[in-house]
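Q: sequence and predicted structure, then a few things I'm wondering about:
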Amino acid sequence: MPAHSAARSLLGVALLIALAACAPPLEAPPPGPCGASGQRCCRSGEDGATACDAAPDAPDAPDDLTVDVAVDLPLDAPMDVPLDALSDLAVDLPMDAPAEAASCPTASLTFCPSAGCVNLQSNSEHCSACDRACNAGEVCRAGACQCAISGQRFCAGVGCTNLLTDTLNCGACGAGCGGGQACAMGACACPIAGQSFCPGAGCVNLTNDPAHCGSCGAPCVEGQVCSGGACRCPTGLSACGETCADLSASNAHCGACGVRCAEANAHAVSVCFTGRCVQVACDPGFGDCSAAPGCEVNLTADAAQCGACNNRCRFPNAAARCVDGACALGVCVVGFADCNGVAADGCETSTAADPTNCGACATRCTAPAGRTAACLAGVCSVGATCAAPLADCDGLAANGCEQNTTTSVTHCGGCGRACNATNGTPACAAAACASIACRAGFGNCDGNLANGCEAEFATSVAHCGRCASPCAFANATATCELGACRPGTCASGFGNCDGNASNGCEVTLATSAAHCGVCGRVCVGGATCVAGTCACPAGQTLCGTGGAALCVNLQTSAASCGACGRACVAGQTCAAGVCRAPVDGGVDAAVDAAADVPRDAVDAGADVPRDADASLDAADVPRDADASTDVPRDVLDAG
C-alpha cells in the first residue's frame, strides 16, 4: 500500500474513534471526563482538555458507525495531520470507547429517542417535551398545544369547540345550555327577547305565562291570566283565594270574597243578586216574621208564631204551646183546670172557687141542709149563704159577700172567675164577661172575649192598623210594619219596578220590554223581551250598546253588512252580508235584463247562462259587444 493511502486509512480510523467518543454511550460510560450520566463530549479546549455538556438521551449507535464513517471519508482528502500525530491518537484513544450519536444539526431541534431530531415548539407529537402529544384537532404553537382554529378550546370527549357559541359547552367545557337556550358570548340565554329561563320549563315569557307569572314557578290560580307579570282575573271577575269569582252573582263570594249566601241569612235559602245575598225562601219549618233578614222564627215550636207568622197561640187561664206547628194547651194557671177536656176554652174551671171542682176537677163541695157549700181558695167550706149574685170570694167574714158576680171582672159569674184582660180592660155583665176595651194598638178582631184583644195592629198581616184590614199585594208576600202594610218578597218572575207599594210587584219580568229580566233593563232598537232576555226578531242582530243599540239584518243592512258596524261605502248595497257596487247602465244591465237574471242572484254570484247574450236587444247593446265574448265573471260578481 502506498504511504499516502496508508495515511488516509489511519486518518479515517482516527476520525472514527474521535466521533465515537462524542456519541452517546452504548453501555455504562468509563470513568473520566464526560463520564457522568447524561453528558456528552462536545468540544476540546486550547489545552487539549475535553469539555463536557449535558445532552438528552440518544438511541444506541448502530454497529456499522465505524464502517459508515470510513466509507464516507474521501480517499483523496489531503493529509494535514502528521502521521506521528495520528499514530499518537490511535495509541491514546482506547479502541473500545463507546460510540455516541451525532448532535441535531440546529439549535431549534431536540433529539427525541422515539422520533429523532424534532422541533418541540411546533411538533404536535412532541410539544414542549418529547412524546408529549397534543389532542386530536390540536396543533403545537410556541411549545403549547392549541386548537387549530382561533377562538376554540379543547374539551375532553368533544374536541376543539368554541366556548362562546357551543350550547353543549357554553363558557366552559361540559357547561350545557338547556330548555331551548342558546349560547352567546359564553353565556346561556333564551333566544327570544323578553324570555327568561326557568328550570324544568325552559325559556318562558314571565310577563304572560300563567305557569311562571312574574317569576319562575309562580303560577296563577285557576281562571286567572298573567298580564304584565302579574296574575289577574278576567274583566268582571275578582280574585278570591284560589279562584276568580263574579262578586255580583257568586253565592260563595257575594259582594266581597268569602261572603257566602248560604250563611248570610239564618234558616233561609239565599242567592247572590247584584252583589247582595237575596233571601228567596225559608228552610222548612221556619218563617221570616220580621223585617230583619233571615227566617228567624221556628214555626214548629214558637207559640207566638205557630205554623205561620203572627199566629199566636192563646188559651184562657193557661199557657200555650206550639207542637209541630199546631197550637196545644199548656199548663193551667194556678187555680184553674181543664175539667171539660176541651182545649179550645183553655182551663175553663176555677178550682179555687167552683164548689163542683174545688181544688181539682170533679171535687164537689157538700154542705149540710140549709147551708150553702162554698169553695174558697180551692178548699171546700160551709158558711152563710150569700144572696145571689153576691159572693164572699175572699173568705173574710169581716167584709161579708164582697163580690157581685154579675159585674166583677175578677169574679164574673163566680168567685175567681176572671174575664180575660189581655191587651185591654174587660167588662162583666149578667155574670158573664160581656166586652173588653182594647188598649191602643190592639183589637178584639175575632170577637172572642176568651182571648182578649188578640190582634196587634202594628204587626198583624190580617189586621194591619185596624181590624179586618189585611195586607195583600199583587205577586208578592206582605208584612205589617208599625201598622202599615208593606210588600215583602216578589214572586219569582215579577218585580216592583215603579217602587209603588200599593200595586205590589206589578211587572212581569219575563215579557216586559221596559224591565226585561230585572227592573230597569230596557229592550231597545226593536228588541223584545223573551223569557227575561232582550232578543231581536228572527234574522236580526242587536248592534251597538246602550240606547243606541238597534236590531238590524246583517244580510241587507248597508250600515252593518255582515257584521255590526261594517258599513258599505257610498253607493254600495248589502246583499247576503256582502257590500256590492251598483249595476251601471252598460253591458251588465243589458245582460241582466236580457237573461232575466235577478239582480240579487247576480250580486250573490249566480252563474249566467253562456248563451244569455244571444237574446239581447240589438237596439240596446251593440252587436259586437257580447256576440263573441261572454260577460266576465268578475264583472257580474262586482255588479
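A: Happy to help now that I have it. Residues are numbered from 1 along each chain as shown.
Q: only C-alpha atoms for contact and neighbour calcs from this point on.
A: Will do.
Q: quick check, central residue of the chain?
A: Centroid-nearest residue in the chain, with CA atoms, centre = their mean: residue 222, separated by 2.1 Å.
Q: these two touch, right, that residue and residue 244?
A: Yes: in this structure, residue 222 is within contact of residue 244 by CA atoms under 8 Å, at 7.4 Å.
Q: spatially nearest residue to residue 382 (excluding sequence neighbours)?
A: residue 373 (5.1 Å; CA to CA, 6 or more residues apart in numbering).
Q: what number of residues lie near the one you found?
A: 21 (other CA atoms under 10 Å).
Q: all numbers from here: first residue = 40
A: From this message on, residue numbering opens at 40, which makes the last subject residue 412.
Q: what about it, distance to residue 222?
A: Residue 412 sits 123 Å away from residue 222, going by CA to CA, to the nearest Å.
Q: cool, and residue 280?
A: When CA to CA is the yardstick, residue 280 and residue 222 sit 41 Å from each other.
Q: those two - which one has more neighbours?
A: Per other CA under 10 Å, whichever of residue 280 and residue 222 has more neighbours is residue 222, with 22 against 10.
Q: how about stretch 400-417 as PDB, C-alpha atoms only?
A: Output of stretch 400-417 as PDB, limited to C-alpha atoms (Å, rounded to 0.1, in the frame of the first residue of the first chain):
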ATOM      1  CA  CYS A 400    -161.700  18.700  88.700                       C
ATOM      2  CA  ALA A 401    -164.700  16.700  89.900                       C
ATOM      3  CA  THR A 402    -164.100  17.600  93.600                       C
ATOM      4  CA  ARG A 403    -167.600  18.600  94.700                       C
ATOM      5  CA  CYS A 404    -168.200  20.500  97.900                       C
ATOM      6  CA  THR A 405    -171.100  19.500 100.000                       C
ATOM      7  CA  ALA A 406    -172.900  21.300 102.800                       C
ATOM      8  CA  PRO A 407    -175.500  20.300 105.400                       C
ATOM      9  CA  ALA A 408    -179.100  21.100 104.600                       C
ATOM     10  CA  GLY A 409    -179.900  24.700 104.800                       C
ATOM     11  CA  ARG A 410    -176.300  25.700 104.300                       C
ATOM     12  CA  THR A 411    -174.500  26.800 101.200                       C
ATOM     13  CA  ALA A 412    -171.500  24.800 100.100                       C
ATOM     14  CA  ALA A 413    -168.700  27.000  99.000                       C
ATOM     15  CA  CYS A 414    -165.100  26.600  97.600                       C
ATOM     16  CA  LEU A 415    -162.700  29.100  98.900                       C
ATOM     17  CA  ALA A 416    -159.100  29.100  97.600                       C
ATOM     18  CA  GLY A 417    -159.600  25.500  96.500                       C
END
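Q: so for it, mean pLDDT?
A: Averaging pLDDT along stretch 400-417 gives 79.
Q: pull out the buried residues from it.
A: Buried residues in stretch 400-417, counted by 16 or more other CA atoms under 10 Å: 400, 402-405, 411-417.
Q: where does pLDDT dip in this structure?
A: By pLDDT under 70, the low-scoring segments of the chain are 40-141, 406-410, 422-423, 426, 436-439, 623-678.
Q: taking the buried residues of stretch 400-417 one by one, which sit in strands?
A: Using DSSP state E, 411-415 are the members of these that sit in strands.
Q: show me the contacts for residue 370.
A: 357-359 (CA atoms under 8 Å, 6 or more residues apart in numbering).
Q: one step back: same list (the ones in strands among the buried residues of stretch 400-417) but as JSON lines, adding distance to residue 443.
A: Formatted as JSON lines, those follow (distance: CA to CA, whole Å):
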{"residue": "411", "distance to residue 443": "17"}
{"residue": "412", "distance to residue 443": "18"}
{"residue": "413", "distance to residue 443": "15"}
{"residue": "414", "distance to residue 443": "16"}
{"residue": "415", "distance to residue 443": "16"}
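Q: tell me the one among the residues you listed nearest to residue 455.
A: The nearest member of those to residue 455, counting by CA to CA, is residue 415 at 9.2 Å.
Q: ignoring the adjacent residues along the chain, who's closest to that closest one?
A: Going by CA to CA, 6+ apart, residue 415 has residue 392 as its nearest residue, at 5.4 Å.
Q: who are the contact partners of the one you found?
A: Listed by CA under 8 Å, 6+ apart, the contact set of residue 392 reads 413-417, 432, 453-456.
Q: sketch out the strands for the stretch 540-678 of the chain, chain order is fine.
A: 546-547, 567-569, 572-574, 580-582, 589-591, 612-614, 617-619 (DSSP state E, counting those that start in this stretch).
Q: just the residues contacting the third one, thanks.
A: Judged by CA under 8 Å, 6+ apart, the contacts made with strand 572-574 from elsewhere in the structure are 549, 552, 555-556, 562, 566-568, 581.
Q: which residue packs closest to residue 495, ignoring adjacent ones?
A: Going by CA to CA, 6+ apart, residue 495 has residue 481 as its nearest residue, at 4.6 Å.
Q: from one end of stretch 242-252 to the other, what's the distance?
A: Start-to-end, stretch 242-252 (CA to CA) is 13 Å.
Q: how is the protein carved up into domains?
A: Listed by automatic domain parsing, the domain ranges of the chain are 42-131, 149-187, 229-271, 626-677.
Q: buried ones in the second one?
A: Along domain 149-187, the positions that meet the burial threshold by neighbour count (16+ other CA under 10 Å) are 149-151, 156-170, 172-174, 176-180, 182-186.
Q: likewise stretch 521-529?
A: By neighbour count on 16+ other CA under 10 Å, the buried set for stretch 521-529 is 522-529.
Q: over to stretch 224-232?
A: 225-229.
Q: ditto for stretch 425-443
A: Within stretch 425-443, the residues that count as buried by 16+ other CA under 10 Å are 428-434, 440-443.
Q: ok, stretch 315-333 next?
A: Neighbour counts over stretch 315-333 (16+ other CA under 10 Å) mark 315-318, 320-321, 324-329, 333 as buried.
Q: gap between the spatially closest residue to residue 169 that is not a sequence neighbour and residue 404?
A: Nearest non-adjacent residue to residue 169, counting by CA to CA, 6+ apart: residue 151, 5.6 Å away. Using CA to CA, we find residue 151 at a distance of 153 Å from residue 404.
Q: and what of residue 462?
A: Using CA to CA, residue 462 is found at 35 Å from residue 404.
Q: what does residue 591 give?
A: Separation of residue 591 from residue 404 (CA to CA) stands at 97 Å.
Q: enumerate every residue touching the residue lying closest to residue 386 once chain neighbours are set aside.
A: Excluding the flanking residues, the one nearest residue 386 by CA to CA, 6+ apart is residue 377, at 4.1 Å. Neighbour list for residue 377: 371, 385-388, 400 [criterion: CA under 8 Å, 6+ apart].
Q: likewise residue 582?
A: 588-591, 603-604.
Q: let's see it at 6 Å
A: Residue 582 is in contact with 588-589, 603, counting by CA atoms under 6 Å, 6 or more residues apart in numbering.
Q: neighbours of the nearest residue to residue 400 once chain neighbours are set aside, just the number please.
A: Leaving aside its sequence neighbours, residue 400 sits nearest to residue 378 (CA to CA, 6+ apart; 5.4 Å). As a burial measure, residue 378 scores 17 neighbours (other CA under 10 Å).
Q: so the residue nearest to residue 421 sits against residue 396, correct?
A: No: counting by CA atoms under 6 Å, residue 396 is not a contact partner of residue 412; they are 11.9 Å apart.
Q: which of the contacts of residue 582 has the most neighbours?
A: residue 589 (20 neighbours).
Q: skip the chain neighbours and tell me the closest residue to it.
A: Counting by CA to CA, 6+ apart, the residue nearest residue 589 is residue 564, at 3.6 Å.
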